[in-house]
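1. model this:
(4 chains)
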There are 4 protein chains.
Amino acid sequence: MDDTGTPTESGSPLLQRILSLRSGTVWRSRNGQPTAKEVLRLCEALLSERGEVSGARVAGDLIAAYRAFDAASRDAFFDLLSNSFLPDPAEAAQAADAYRAAPSSDTLLRLQRAAEPPRHELFRRLNLAPGGTGALVEMRRHLLATLRDHPERAALDADFAHLLRSWFNGGFLTLQRIDWRTPASVLERLIRYEAVHQIQGWDDLHRRLEADRRCYAFFHPALPDEPLIFIEVALTERMSNNGRPLLDPRAPVLDPVRARCAVFYSITHCQDGLRGISFGSLLIKQVVEDLKRSFPRVRTFATLSPIPDFRKWLGTTAAAALPRGSGLAEFLARFDSRAVVLTDPVPAEVRSGLIQLCAYYLLHARQGHVPLDSVARFHLANGARLERLNWLADPSAVGIRRSFGIMANYLYRLDDLERNHESYARDHRVIASRDIERLARRRAG
Amino acid sequence: MDDTGTPTESGSPLLQRILSLRSGTVWRSRNGQPTAKEVLRLCEALLSERGEVSGARVAGDLIAAYRAFDAASRDAFFDLLSNSFLPDPAEAAQAADAYRAAPSSDTLLRLQRAAEPPRHELFRRLNLAPGGTGALVEMRRHLLATLRDHPERAALDADFAHLLRSWFNGGFLTLQRIDWRTPASVLERLIRYEAVHQIQGWDDLHRRLEADRRCYAFFHPALPDEPLIFIEVALTERMSNNGRPLLDPRAPVLDPVRARCAVFYSITHCQDGLRGISFGSLLIKQVVEDLKRSFPRVRTFATLSPIPDFRKWLGTTAAAALPRGSGLAEFLARFDSRAVVLTDPVPAEVRSGLIQLCAYYLLHARQGHVPLDSVARFHLANGARLERLNWLADPSAVGIRRSFGIMANYLYRLDDLERNHESYARDHRVIASRDIERLARRRAG
Amino acid sequence: MDDTGTPTESGSPLLQRILSLRSGTVWRSRNGQPTAKEVLRLCEALLSERGEVSGARVAGDLIAAYRAFDAASRDAFFDLLSNSFLPDPAEAAQAADAYRAAPSSDTLLRLQRAAEPPRHELFRRLNLAPGGTGALVEMRRHLLATLRDHPERAALDADFAHLLRSWFNGGFLTLQRIDWRTPASVLERLIRYEAVHQIQGWDDLHRRLEADRRCYAFFHPALPDEPLIFIEVALTERMSNNGRPLLDPRAPVLDPVRARCAVFYSITHCQDGLRGISFGSLLIKQVVEDLKRSFPRVRTFATLSPIPDFRKWLGTTAAAALPRGSGLAEFLARFDSRAVVLTDPVPAEVRSGLIQLCAYYLLHARQGHVPLDSVARFHLANGARLERLNWLADPSAVGIRRSFGIMANYLYRLDDLERNHESYARDHRVIASRDIERLARRRAG
Amino acid sequence: MDDTGTPTESGSPLLQRILSLRSGTVWRSRNGQPTAKEVLRLCEALLSERGEVSGARVAGDLIAAYRAFDAASRDAFFDLLSNSFLPDPAEAAQAADAYRAAPSSDTLLRLQRAAEPPRHELFRRLNLAPGGTGALVEMRRHLLATLRDHPERAALDADFAHLLRSWFNGGFLTLQRIDWRTPASVLERLIRYEAVHQIQGWDDLHRRLEADRRCYAFFHPALPDEPLIFIEVALTERMSNNGRPLLDPRAPVLDPVRARCAVFYSITHCQDGLRGISFGSLLIKQVVEDLKRSFPRVRTFATLSPIPDFRKWLGTTAAAALPRGSGLAEFLARFDSRAVVLTDPVPAEVRSGLIQLCAYYLLHARQGHVPLDSVARFHLANGARLERLNWLADPSAVGIRRSFGIMANYLYRLDDLERNHESYARDHRVIASRDIERLARRRAG
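-> Next up, the predicted model:
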């Protein structure tokens, strides 16, 4: 970080005053932008008495300065921050000793004070600025992007994550229905964020908000325009075995009174800065409850989900392990050389072979104790049941590449979620329908 | 705590199930109500895997059980909770040693995990229940009421306070104007909570919300009907030297365009469960800014404040220290024997003697480094200036008893707040007008 | 009206300018207030070109001037207005002749233009002022109060009524639930307006808004704080036969899930200025529909209604017509001399005699074709059925005096309303339960 | 209209019942759709007693039936309606005679009752249906489209217009700011309706709602999603002389604190069914007031307006009338043969000749007493002043064709509007700047 150059021109009078008051040297910055060190000095001011009475203003200055950073300054700032506002090692150890020697209210209090990094209070004071919460989420997003190259920043990230997890507690979130009367500023974000099935502009979005669809999002009061997570639901006559009609902007609109099934066909976390803080399970449960109230005749709640890692796993399986005589080995070879087009007829044995292998994969392929497939992990941990596999339900290039276009239905039965979840969490059991279990056994045989 | 008796009849099926599943013994309760131990067991369930998927339901059961407690059960519950979900002393000490030996991201992470009481996570999960935030504030209110008799619960209280301070961060509060169009459910609470000048029913309240008054409150999104703190403001032609016209329900209404001064005549913290979390400074600053926008011709922002501890302090001062020949000693003797009625004429020397003593008291009477007077401490720490003393401004029985009816104006100048605050915080200087300083010197002379 | 005196001091510059521009004489007024003639001149300005571009300002001036009127000025103003802005008799007659001679689009258009009083356009332009709609409603309220003494103002009143009926069309009204979260400014009006069972302050009102009660009002978008009509409903386990529990502020609150019946115990028109424009029928129907959605187990919708004119009618009935041997004649004599207290036991024959007479009265006492009883007329015209009579259901002094405390239940069955209404409207049939018909026959026998 | 065919299958049970009850014949319809006659019968039911109690339902049935009409049925319906529910000629004439003979409150009342077509009450009852107001606006839109071929429907249209003008009175409209947080359902309509400068999709719209733009619309409470009229404003540093930067989606965004001028560059009436009911004048005035409050430093409020009829008028002027030696005649000939491209340099004499002619046109070309140019008529009647002409300000094909790309600034000064309007309305004076007047004189010379 270069601290030479021209004196800073930017910054509010307060910023100027603080910098000049608190330092014997002249603060300088490259290109008239604040340097990381200057901003760290502002952090100190924010934690001082000054921060007590002028917290909102100092915090606002600090965030404005941060936002003017280029990538190099940001990196320098994270380096400094990573080594600042830490617990004092000696004091922490003494407090812990005292607690071990005589656990009591007093020694516990001392331990907690000694072990909490002052960074926590810094972040809490930053939140006083207008837009402070959003700025903290943004800072963490930036920080996360550097973690691979800077594993030593893990504790700094943990401080951010600890605070944000507490603030974005499910009890503070509001479930809002998204429809065509929602502000355009929010809808625009859905178009930008949708991760599972890209939204092709406003017409596509409009179709996904018609009478036979529902879309819900969680919002936090401090980020009123920013969906944290959203889910897209199709009301259908029966459990979907095919993603195309759900994604076709010209598909006819079903009269929702005829719906008997709600298909969750897309769920998207929007805020990278909140990574690791899961809202999905809570969202699905609240959505199921809301749909039950609105549509008493809808009894089936299920996903139509991708199986992202099936093909990759299959590639790791020795060809010898494939069922003999099924022609599967040959098919896979041609598939990988792109000589096969799945929309062409596929021999029945190949097809049933793949489905059986897929069932086996979802039930038995593991990463440690838990399923290898990330989508399966999510729904099973929520207490859902793996219900059905659907051939060629996702004919997109990505869908073909990942799982030969096979998609899974996971079934959400409110009454069973808790039992299923516990069975999964304690015994790592994959709860699945009998059909799926039979398919998996056949392959195994 | 008596755990014998008839089996519990109350509680949701979930409660029943958890209790029976998780325990070898039959859970019992007095009078069919849940016992503290049973509820502690629910806390364990909430922290288990079950809590992950059914957090909202378990938390709801727990809160319902807590609310059914009688005082004895609540006491027993606090005892149990005070000794549960604590950091492991050995692990904390080892983690602290490791951090001292080699401070790093890894050892810091380990230390923080080891030092955070699992109670924190318990409280966070309780928040998932509908109304959870309010229930936690209520629990702390109950707990605080027991602290005097149970100082050993201080660490438990600190855990509550730490969490609530983080959640009720100023960045999450919304400033709302209170007027006659505010829901009755909120207005009713103002009547109930007002601590400084009691509100005598709906007509009195209505007067306090007329065109020449303003009332503002902070709200938290999770407690939409519950004001956290509110402030009452009178728009006046000049800085008030008398509380009576401000409190008279039949006082004529001033056309607010003629106002040049805003007098803060009452500020009330509403939530005992949030004790120690101060919203006052932030509230006053935001209110001053809002009033400036609405009334550009209002230039003076001042309080009309009680001086709660003046008489008490005077009683501790040796009679010999009183100015000789002023007749003050005799006056005080008659005052204390209730032989004097302040609304009668008071000899000029007595009156000026008391005013001078009051100025001296506010400037120089200390408790350690800070002023003895609690109201002075609050406004001075906010950066306000002690501006003027007003004879017989509060002729109520309480006002007479506490300070011979004298009230103080503290002046809020936004541009000076920060400098004043710092001067006060660093050097313990009481910022006061020249008049006040002169009065204090005269007495001292 | 005296037009001499000092020149007007009041009025906006515009008012001054218009008055001075448009008149050769100097406008004067008593006591500095605008005179009726001056205001009429403003009306002319409002109907001129000036009104086209500055309608809102001129209308605002006019309304301000009107509001400054004393009673005498108001009276003079109505006199002038009553004779101004009328259709031209000659033109009207010629247009009507042309229409009779050759009914066509052209002649019809001419007739309508000739027959519409320019007052209509005047009122419509007045509506441009902020608060204009409310001011017009207020004007009509004042006017109505003078009609008895000034029957010649009937056409002026008809013009007001015609316009307001059109503007307060049911399609523009919004049904709003009133509860304890409703703004105090609205609740205060309920207390002030309640006509059937006076509300004894805020505590009484609060009880009427508890969980086992519902209160609904119609609002018009131009009068957002002003309820037009409101209805109070009690959710009960069975059809009420007694008003006291409904009106007791300390009555225990019923868990609404146990409710099977909704009792409409009070309905109040709030705006005198909208007299003759009925909202009651529409309100009841919409309320029944809303309650059905909220409480599917509530099946019975009934009123508990006064019978305001029973005693009066009975007084007109020859004593000879009373059932012999029932002791009724003697009872009535003692009742009228206040020698009887109804809360004392009443001989069974007297009681059953009165009930039978009351049934007869409601079924057969007529004013022309329609029932004599005004409350009966309202509910029967709505299509309700007279269901039951309840002895001593209203023990208030008024209730005793009007109907010996007897109250009626009228039953609202949505499916029958239309048929009942038509039967009533065409054949003047009073739809009543078999019990009521039997009671009436007994007496008749 | 063909009334034979299969019996109607459609319609609610009520519709069926009414039709069968009220008619001796079997009602039939083509293609199972209701016929115009059947719907007229529903109109009769709506005006009967049945309408009094079940107005909302009958009106809803009627509107549903109307919406199922094909074009032929609609036409037949208008024919029937045009000849139905009319005043009785004999009664109207007698009432008018009585009023002429003795004008009084009584005779006036009789005249008004006799002259008002019962259609008015029919329309008012239709309004009781959910969505009734919108349906009436839609009916009139359909009707207007037929007026050219059916001039005899003018009186029917006048009835619609009379009612809608009364209901859409300016006092009932709400001014709402439109921005990117407005519901997409409303924004979509702006894209669809914009008449002056077409909006090229969502990105274009987004640019028009940035920080240096304002968009406002009037709404009526009964049509909450439907803008009635909207205006687009650009905040600029000086009065725009060119439309291109205002319409360029990639134009840089001006910091609005630097704005000194507000340019109204587009104003669009959205509802064909409200034709002839002008909201523009009121909208501009309210928008100017709102902008003044928000941006005290914005002092200039002006339009950038097309001059739609300049070229057409010029074509009607004899070539001999053109200034000699200016080369204008030759230029016009080449212009009309499309041999000239205006973005090429144009000889200075031609350019100044055209500008002078345009000034002359706007000041002196008349249609009767009022200016020939429709846009000029609108702004001058509002009291605006013709301020400046701008060469090639609208280089679009339409702009070139209509006025050689010349556009006008009309200046709105609130203080002058009334005087200007009156001068225009009484003396037909075109209020213009000295520059414009000089230009016009030069040409005339």
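
2. Going by neighbour count, list what's buried in stretch A:104-116.
-> A:Ser105, A:Thr107, A:Leu108, A:Leu109, A:Arg110, A:Leu111, A:Gln112, A:Ala114, A:Ala115, A:Glu116 (16 or more other Cβ atoms under 10 Å in any protein chain shown). Heads up, the C-betas are built off the backbone N, CA and C, glycines and all.

3. how close does the last one sit to B:Pro87?
-> So that's A:Glu116. Separation of A:Glu116 from B:Pro87 (Cβ to Cβ, to the nearest Å) stands at 12 Å.

4. what is in contact with the two at once?
-> Here A:Glu116 and B:Pro87 share the contacting residues B:Ala115, scored by Cβ atoms under 8 Å, 6 or more residues apart in numbering or on different chains.

5. What segments of the stretch 301-445 of chain A are helices?
-> Applying DSSP state H, counting those that start in this stretch to the stretch 301-445 of chain A gives helices spanning A:310-315, A:328-336, A:348-364, A:374-381, A:397-403, A:414-427, A:434-444.

6. hey, least reliable of those by pLDDT?
-> Ranked by mean pLDDT, the helices of the stretch 301-445 of chain A end with helix A:328-336 at the bottom, a mean of 81.

7. Tell me the spacing between the residue nearest to A:Phe404 when sequence neighbours are not counted and chain D.
-> Distances taken as Cβ to Cβ, 6 or more residues apart in numbering or on different chains place A:Leu354 nearest to A:Phe404, at 5.6 Å, with adjacent residues excluded. With distances taken as Cβ to the nearest Cβ, to the nearest Å, A:Leu354 is found 42 Å from chain D.

8. In contact with A:Leu354, which residues are there?
-> Neighbouring residues of A:Leu354 by Cβ under 8 Å, 6+ apart: A:Leu328, A:Phe404, A:Ile406.

9. just these now: which is nearest A:His369?
-> Nearest to A:His369 among the contacts of A:Leu354, counting by Cβ to Cβ, is A:Ile406 at 24.4 Å.

10. where does that closest one fall, phi/psi-wise?
-> phi -70, psi 140 (degrees, to the nearest 10).

11. Test my guess that it contacts A:Ala393.
-> Yes - judged on Cβ atoms under 8 Å, A:Ile406 makes contact with A:Ala393 at a distance of 6.8 Å.

12. Helices of the stretch 51-200 of chain A, residue ranges please.
-> Per DSSP H, counting those that start in this stretch, the stretch 51-200 of chain A carries helices over the ranges A:71-82, A:89-101, A:105-115, A:118-126, A:132-147, A:154-167, A:184-193.

13. now what about stretch A:42-51, what contacts it?
-> A:15, A:18-19, A:22, A:55, A:58-59, A:61-62, A:65, A:81, A:84-85, A:118, A:121-122, A:125-126, B:418, B:421-422, B:425-426.

14. What subset of those is buried?
-> Those of the contacts of stretch A:42-51 that meet the buried threshold are A:15, A:18-19, A:55, A:58-59, A:61-62, A:65, A:81, A:85, A:121-122, A:125-126, B:418, B:421-422, B:425, by 16+ other Cβ under 10 Å.

15. what about A:Arg442, neighbour count?
-> A:Arg442 sits with 16 neighbouring residues when counted by other Cβ atoms under 10 Å in any protein chain shown.

16. Distance check, the closest residue to it other than its chain neighbours against A:Leu386.
-> Leaving out its chain neighbours, the residue that sits closest to A:Arg442 by Cβ to Cβ, 6+ apart is A:Gln356, at 5.2 Å. Using Cβ to Cβ, we find A:Gln356 at a distance of 14 Å from A:Leu386.

17. can you check A:Asp427 too?
-> Counting by Cβ to Cβ - A:Asp427 and A:Leu386 are separated by 16 Å.

18. quick one, which of those two is more surrounded?
-> Neighbours of A:Asp427 and A:Leu386, each counted by other Cβ under 10 Å, are more numerous for A:Leu386; the result is 26 against 8.

19. thinking that one is in contact with A:Ala432, fair?
-> Yes - contact criterion Cβ under 8 Å: A:Leu386 and A:Ala432 qualify, at 4.1 Å.

20. so what's in contact with the two at the same time?
-> A:Leu362, A:Leu363.

21. Of the contacts of A:Leu354, select the buried ones using a PyMOL command.
-> To isolate the buried members of those in PyMOL, using 16+ other Cβ under 10 Å:
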select buried, chain A and resi 328+404+406
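
22. The contacts of A:Leu354 into a markdown table, with extra columns for distance to D:Arg377?
-> Conversion of the contacts of A:Leu354 to a markdown table gives the following (distance: Cβ to Cβ, whole Å):
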| residue | distance to D:Arg377 |
| --- | --- |
| A:Leu328 | 80 |
| A:Phe404 | 69 |
| A:Ile406 | 68 |
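
23. Closest one to chain D out of the contacts of A:Leu354, please.
-> A:Ile406 (35.3 Å; Cβ to the nearest Cβ).

24. residues in contact with that closest one?
-> A:Ile307, A:Phe310, A:Leu354, A:Ile355, A:Cys358, A:Leu389, A:Asn390, A:Trp391, A:Leu392, A:Ala393, A:Asp394.
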